[in-house]
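Engineer: let me see the structure of the following:
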Amino acid sequence: MRIRKITIGQWRHFSNIALELEPETSLVCIVGANGTGKSHLLELIAACAHRLGLSQGVEIPRGDPFGDVHDFSLQFFIASGVSDAIDRELVTEAGFAEWDRTLTIRSRRLPGEAFTAIEAGGVVNVARQSELAAQVVQRLRQSQSVHFLSLDADRAYPKKTIHVNEVAQAYEIDWAGVEYTRGRSFKTTTTLYDEWLKYFLAKENQSGTRLIQGIRRAKKDGVVAPIFQDHFEGYAASLQKVLPHVVFTGVDSKTRTLLFDTTGLELSFDQLSGGEREIAFLVGQIDRFALTQGLFLLDEPELHLNSDLIRTWVAFLTGTVKTGQVWLATHSLEAVEAAGQHATFVLERNEETRKVDTLARLDDRPVLSALSRAVGTPAFSIAKLLFVFIEGEEGVGERERFRRLADLAPDVRFMECGSCHEVLRRVTSTRSLAREAEAGIRLGGIVDRDFQTDAAVSTLERDHGVFVLPVHEVENFFLHPATLGMLLAQNGLDPARTLELIQQAADVRAGSWIFQYGMATASGESLPDMPAVAKDRAKGMSWSAFSADRDAAIASILALTGFGSDDQAKFRRILEVSVAVYGRKRAEQDLWKHCEGKQVLSDVSRTVGYASPQTLTLAAFSAWKRTEAPISGELASLREYLAKL
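Structural biologist: From the prediction side, this is the model:
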């Protein structure tokens with residue numbers, strides 16, 4: 001069961017749009033800015049599916065599309081094998097041999113004109129087109145199988161209390177019957193969630209009762225007793241495909257809840273994380289309704305999920321509805337990547353008419369596609385978002401750290417880019433793409449100060465519109481003396497030791513700082529390639545080696561360079577200046593801004609009493625939130641930059 005075409009002359013805020021899919025398309029993404037009508041399209045499909053007999057009802061909060069002023073048509077393809085009744089009972093009917101397996105529903109409700117017709121494609125005789133279509137629809141209405149499932153975006157999972165009388169009623173329901181399969185697959189997610197725990201409790205009770213009855217009969221008749229077969233085995237296996245760390249362990253009939261094992265810890269459904277509850281519920285609906293050959297509509301598949309989990313979830317969906325079709329209304333780039341550009345359609349609103357009059361395939365909009373990849377989210381929903389490119393690698397927490405430092409609304413998206421040069425490249429190229437795509441986008445970039453001169457910082461900020469951190473790197477913000485002193489006092493230590501602790505940790509890595517400072521200068525950059533042994537020697541030296549005998553320490557590094565006499569002399573002068581600069585900075589109150597933040601924070605966090613730098617940073621965030629510790633002027637300037645974007 002798949003949709004081939006959708007054409008809308010007019011309906012709600014749509015005007016003259018058309019969508020055509022390749023025959024084998026199994027996953028379709030509808031993307032666009034908020035308010036362009038992604039969910040409306042799913043509602044239209046749901047209403048037409050009901051008219052074609054694919055579902056026994058339709059529940060649409062905004063009302064039946066056929067009751068609106070409209071002019072639209074949708075073409076559905078019904079593959080051989082979807083319905084045995086169609087394939088067997090209609091094979092001898094006139095026109096069946098010509099039928100191309102499509103049903104097209106055309107409907108118009110305009111002033112002075114109203115009709116709805118369903119036609120069987122490929123049939124030459126016009127009258128027979130409608131007659132055969134009516135026969136196909138009749139067989140679909142009589143089908144026992146589920147051909148349609150819709151899950152709206154109103155998904156929330158509050159803790160539910162199932163009362164004893166509700167359980168007793170649930171035990172009496174035939175959950176495998178048509179009334180509770182086809183008869184419920186179009187219901188709202190609120191209704192389905194309300195039924196879900198009851199369904200599991202009843203199925204557990206009914207299956208257990210049947211097993212015990214079978215064992216008793218077998219014992220009485222002297223035959224082999226039936227073997228237990230887990231009626232939730234399919235659900236448990238499907239859940240682990242998406243969430244390998246979550247194991248469904250069963251139903252607790254006493255507390256009337258579902259139980260899961262997460263890496264050795266048993267939790268009830270309401271104790272799972274938001275993303276885990278989302279997947280557990282959604283996989284449960286697919287398992288309950290056993291949809292494999294129909295239409296599955298899912299609004300906002302990314303709800304409650306992170307990007308990695310979205311990829312796994314969408315891949316699971318694609319493999320589950322094998323000969324059917326999945327429709328996603330989404331803002332998720334991961335879902336778009338899974339569908340492919342040929343099966344992703346962009347809804348765009350005409351700002352003059354306020355109508356959505358453009359529906360283009362993403363591969364027909366290469367600039368938008370490139371912009372989507374650049375900002376990591378579909379470029380059709382970015383107008384109200386702020387994208388900030390930052391240094392760092394994905395998966396190490398840099399994005400979350402900046403989000404907390406910014407203390408701004410959730411519409412700020414931080415994107416790790418690796419190096420400073422990559423941040424600058426991404427900012428420049430993305431701005432260019434945004435202009436070409438005429439996409440309203442707020443964009444910024446943040447790079448580390450590292451060892452850049454004041455002149456270099458001014459050039460970067462002027463030419464690229466980025467913000468250069470006023471500290472060595474982002475970790476330095478957490479070495480702010482007032483904040484660190486407060487954390488020391490909080491842990492029962494002397495806050496007066498703050499600068500001493502920073503100095504001690506910085507001195508351990510003084511050689512690394514001295515070497516990098518020197519190599520970042522124009523003279524340092526003019527030297528030949530530095531051998532690894534010389535680098536390692538320099539970076540492994542502490543301040544005590546330089547303070548005890550500066551010349552001897554420098555000589556030990558020079559001896560490993562293999563440089564000629566001129567380059568050795570130049571390198572010696574560079575190191576002498578670097579040693580002197582570090583010697584001055586280590587004695588100053590603002591050493592915390594200039595030291596190597598990552599390494600110093602790692603050492604200081606343990607001394608202050610925290611298990612890791614991550615734990616210390618969380619404590620600092622908490623202190624800033626409670627205003628127990630003032631933020632530094634340097635952090636205030638970062639927030640000011642972001643607020644102005």
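
Engineer: show me where pLDDT drops low in the stretch 401-550 of the chain?
Structural biologist: 409-411, 436-441 (pLDDT under 70).

Engineer: all helices for it, in order.
Structural biologist: 420-437, 454-464, 481-490, 498-508, 510-519, 522-525, 532-539, 543-548, 550-558 (DSSP state H, counting those that start in this stretch).

Engineer: what sits up against the shortest one?
Structural biologist: With Cβ atoms under 8 Å, 6 or more residues apart in numbering as the contact definition, helix 522-525 has outside contacts at 518-519, 570, 573-574. Using the backbone N, CA and C atoms, a C-beta is placed for each residue, glycine as well.

Engineer: buried ones in it?
Structural biologist: With burial defined by 16 or more other Cβ atoms under 10 Å, the residues of helix 522-525 counted as buried are Gly524.

Engineer: ok now that helix, how far from the chain's centre?
Structural biologist: Distance, stretch centre to chain centre, for helix 522-525: 44 Å (Cα atoms, centre = their mean, to the nearest Å).

Engineer: if we can go back for a sec, which of the contacts of helix 522-525 are buried? Put it as a PyMOL command.
Structural biologist: Per 16+ other Cβ under 10 Å, the buried members of the contacts of helix 522-525 correspond to this PyMOL selection:
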select buried, resi 518+519+570+574
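
Engineer: closest to Ser73 out of the contacts of helix 522-525?
Structural biologist: Met519 (68.1 Å; Cβ to Cβ).

Engineer: wait, what's in contact with the closest one?
Structural biologist: By Cβ under 8 Å, 6+ apart, Met519 lies in contact with 525, 527, 530, 574.

Engineer: what about the closest residue to Gly609 other than its chain neighbours, distance to Tyr610?
Structural biologist: The shortest distance from Gly609 to any non-neighbouring residue, by Cβ to Cβ, 6 or more residues apart in numbering, is to Asn491 (4.0 Å). Look at Asn491 and Tyr610: by Cβ to Cβ, to the nearest Å, they are 8 Å apart.

Engineer: how about the helices of the stretch 101-250 of the chain, start to end?
Structural biologist: Taking DSSP H, counting those that start in this stretch, the helices of the stretch 101-250 of the chain run over residues 126-142, 164-171, 189-221, 233-242.

Engineer: what's the burial count for Asp84?
Structural biologist: Per other Cβ atoms under 10 Å, the neighbour tally for Asp84 reads 11.

Engineer: in the contacts of helix 522-525, find the pair that's most separated.
Structural biologist: Met519 and Arg573, at 13.2 Å, using Cβ to Cβ across those.

Engineer: tell me where the model's unsure across the protein.
Structural biologist: 322, 365-385, 394-397, 409-411, 436-441.

Engineer: name the SS class of Leu359, please.
Structural biologist: Applying DSSP: H, G, I helix; E, B strand; the rest coil to Leu359 yields a three-state assignment of strand.

Engineer: what's the closest non-adjacent residue to it?
Structural biologist: Computed as Cβ to Cβ, 6+ apart, the closest residue to Leu359 that is not its neighbour in sequence is Ile17, at 3.9 Å.

Engineer: the one you found belongs to a strand, doesn't it?
Structural biologist: Yes. Counting by three-state DSSP, Ile17 falls inside a strand.

Engineer: any idea how many residues pack against the residue nearest to Gly609?
Structural biologist: 12.

Engineer: domain map for the protein?
Structural biologist: The chain breaks down into these structural domains: 2-147+319-347, 164-290, 382-468, 479-644 (assignment by automatic domain parsing).

Engineer: end to end, how far does the longest one reach?
Structural biologist: To tie it back to what came earlier, the one meant is domain 2-147+319-347. 21 Å (Cα to Cα, to the nearest Å).

Engineer: now do stretch 493-505: everything it contacts.
Structural biologist: Contacts of stretch 493-505 (Cβ under 8 Å, 6+ apart): 479, 481, 484-486, 488-489, 586, 589, 591-592, 595, 599-600, 603-604, 607-609.

Engineer: quick check: buried residues in it?
Structural biologist: Neighbour counts over stretch 493-505 (16+ other Cβ under 10 Å) mark 493, 498-499, 501-503, 505 as buried.

Engineer: before we move on, what about stretch 625-633?
Structural biologist: 629, 631-632.

Engineer: just stretch 315-327 next, same as before
Structural biologist: For stretch 315-327, by 16+ other Cβ under 10 Å, it's 316-317, 320-321, 324-327.

Engineer: quick one: end-to-end distance for it.
Structural biologist: Note: stretch 315-327 ends 13 Å apart using Cα to Cα.

Engineer: repeat for stretch 324-341
Structural biologist: Termini of stretch 324-341 sit 19 Å apart (Cα to Cα).

Engineer: on that earlier part again, right, and the domains of the chain - which one's nearest Tyr157?
Structural biologist: domain 164-290 (4.4 Å).

Engineer: run the chain-centre distance for the closest one.
Structural biologist: Distance, centroid of domain 164-290 to centroid of chain: 28 Å (Cα atoms, centre = their mean).

Engineer: and what of stretch 289-303?
Structural biologist: On Cα atoms, centre = their mean, the centre of stretch 289-303 falls 18 Å from the chain's centre.

Engineer: give me the distance between the two termini of it.
Structural biologist: 21 Å.

Engineer: ditto for stretch 463-471
Structural biologist: End-to-end distance for stretch 463-471: 20 Å, by Cα to Cα.

Engineer: ok, residues contacting that stretch?
Structural biologist: 423-424, 427-428, 444-449, 452, 457, 460-461, 476-477, 592-594, 597, 634, 637-638, 641-642.

Engineer: what are the buried residues along that stretch?
Structural biologist: Buried residues in stretch 463-471 (16+ other Cβ under 10 Å): 464-471.

Engineer: mind putting those into CSV with distance to Ile173?
Structural biologist: What follows is those, written out as CSV (distance: Cβ to Cβ, whole Å):
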residue, distance to Ile173
His464, 64
Gly465, 62
Val466, 61
Phe467, 61
Val468, 65
Leu469, 62
Pro470, 65
Val471, 63
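
Engineer: format the helices of the stretch 101-250 of the chain as a markdown table; extra columns: mean neighbour count and distance to Asp252.
Structural biologist: A markdown table is the format used below for these (neighbours: other Cβ atoms under 10 Å; distance: least, Cβ to Cβ, whole Å):
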| stretch | mean neighbour count | distance to Asp252 |
| --- | --- | --- |
| helix 126-142 | 17 | 39 |
| helix 164-171 | 13 | 12 |
| helix 189-221 | 16 | 9 |
| helix 233-242 | 16 | 15 |
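
Engineer: ok, which of those comes nearest Val579?
Structural biologist: helix 233-242 (56.2 Å).
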